[in-house]
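> this one's structure only:
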């Protein structure tokens, strides 16, 4: 079970980094497509300038959670306050 927790930590890190990469790639694709089509470039940029700062810290938290799981911080889970160190 401990190895499964550590493996899932690596998966969480990969998902967080992959989501940020896909978000930035989608932004560049949509902005360049709007510029070529001469459509609402400002609306598209504003949408992504709002979305990226909101979701990037969420993905950073996901990576941090994965880092702690990968390093084994969740191997022992305290059941009550007496077991907290």
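Done, it's in. Please read all numbers here as calculations on a predicted model, not as lab measurements.

> Name the nearest residue to the spatially most central residue of the chain, ignoring sequence neighbours.
Compute the mean C-alpha point of the chain, and by Cα atoms, centre = their mean the closest residue is residue 59, 2.0 Å away. Closest residue in space to residue 59, ignoring its immediate chain neighbours: residue 16 at 4.3 Å, by Cβ to Cβ, 6 or more residues apart in numbering. (Glycine included, C-beta is placed from N, CA and C.)

> Secondary structure element holding that neighbour?
helix 2-37 (DSSP states H and E).

> Quick one: mean pLDDT over that helix.
The pLDDT scores in helix 2-37 average 94.

> tell me what that helix is packed against?
Under the contact definition 3 or more Cβ pairs under 8 Å, 6 or more residues apart in numbering; DSSP states H and E, helix 2-37 sits against helix 41-71.

> which ones are touching residue 34?
Residue 34 sits next to 40, 41, 44 when contact means Cβ atoms under 8 Å, 6 or more residues apart in numbering.

> again, only using 6 Å
41, 44 (Cβ atoms under 6 Å, 6 or more residues apart in numbering).

> do residue 43 as well
For residue 43, the contact set (Cβ under 6 Å, 6+ apart) is empty.

> Tally up the residues packed near residue 12, please.
20 (other Cβ atoms under 10 Å).

> For residue 13, see how far away the residue nearest to it when sequence neighbours are not counted is.
Excluding the flanking residues, the one nearest residue 12 by Cβ to Cβ, 6+ apart is residue 66, at 2.9 Å. From residue 66 across to residue 13, the span is 4 Å (Cβ to Cβ, to the nearest Å).

> neighbour count winner among these two?
Higher neighbour count among residue 66 and residue 13: residue 66, with 21 against 18, using other Cβ under 10 Å.

> Is the more buried one in contact with residue 8, as I believe?
No: Residue 66 is beyond contact range of residue 8, at 7.7 Å (criterion: Cβ atoms under 6 Å).

> Residue 17 - how many residues pack around it?
The tally of other residues near residue 17 (other Cβ under 10 Å) stands at 15.

> for residue 50, that is, sorry about that
Using other Cβ under 10 Å, residue 50 is surrounded by 10 other residues.
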